[in-house]
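S.K.: All I have is the shape, not the residue letters:
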């Protein structure tokens, strides 16, 4: 009997299927990507990213507002800016995952071969983005980004494309550096604009 496929996000049951995907990606990523079909539609993974981005953005905004209330003063401008950041995070998440997928595609084509398309890598990265559901937790957020972009994508590259561990590590590291430099630049730029 063939193993069951990895859980996929479904528009018919968005919350239940999103929880199944997040649970599978976080608790058994090797099994998830081993049974994962890289070929398939992009719409559902993009909506999954939007949903995860919305939940993460809202929870991050709540934590920021509550911590500002506890440790200082909060103005209406601060609350408005925090809500705007959360909204932009949610709305731009599918595009950000697309940019991440493009960087990974270049690396995969360089080190693994011409075995993938942007659609396949987007699907892999979209489900790895599920780890960012934990990004709103103070101190855990940075680890969630690293876990999604290095560990989960490394497991995805290794299991989906049946590469060696060394090839997967090199592929992920070469992608990880420019992606995180872009995130640092974005964080510094937005912090400069906010002040």
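M.R.: Structure received. What you see is a predicted model; the values in this text were computed from it and never measured.

S.K.: number of nearby residues for residue 175?
M.R.: 28 (other Cβ atoms under 10 Å). Every residue, glycine included, has its C-beta placed from N, CA and C.

S.K.: typed the wrong thing, it's residue 93
M.R.: 23.

S.K.: wait, doesn't it sit right on residue 55?
M.R.: No: assessed by Cβ atoms under 8 Å, residue 93 is found out of contact with residue 55, at 10.5 Å.

S.K.: ok, the residue nearest in space to the middle of the chain - contacts?
M.R.: Among the residues of the chain, the one closest to the centroid is residue 129, at 1.9 Å (Cα atoms, centre = their mean). Going by Cβ atoms under 8 Å, 6 or more residues apart in numbering, residue 129 touches 48-49, 52-53, 93, 97, 148.

S.K.: buried set for the longest helix along the chain?
M.R.: Counting residues, the longest helix found in the chain (DSSP state H) is helix 76-111. Neighbour counts over helix 76-111 (16 or more other Cβ atoms under 10 Å) mark 82, 85-86, 89-90, 93-94, 96-98, 100-101, 103-105, 107-108, 111 as buried.

S.K.: again, but for stretch 107-127
M.R.: Those would be 107-108, 111-112, 116, 119-127, for stretch 107-127 by 16+ other Cβ under 10 Å.

S.K.: Just give me how far it sits from the chain centre.
M.R.: Mean-position distance between stretch 107-127 and its chain equals 15 Å (Cα atoms, centre = their mean, to the nearest Å).

S.K.: Same question for stretch 33-52.
M.R.: 11 Å.

S.K.: measure that stretch end to end?
M.R.: 19 Å (Cα to Cα, to the nearest Å).

S.K.: hmm, who's touching it?
M.R.: Residues contacting stretch 33-52 (Cβ under 8 Å, 6+ apart): 3-6, 8-11, 14, 18, 21-22, 90-91, 93-94, 97, 116, 119-124, 126-127, 129-130, 132-133, 152, 155-156, 159-160.

S.K.: List the ones among the residues you listed that fall in helices.
M.R.: 14, 18, 21-22, 90-91, 93-94, 97, 119-124, 126-127, 155-156, 159-160.
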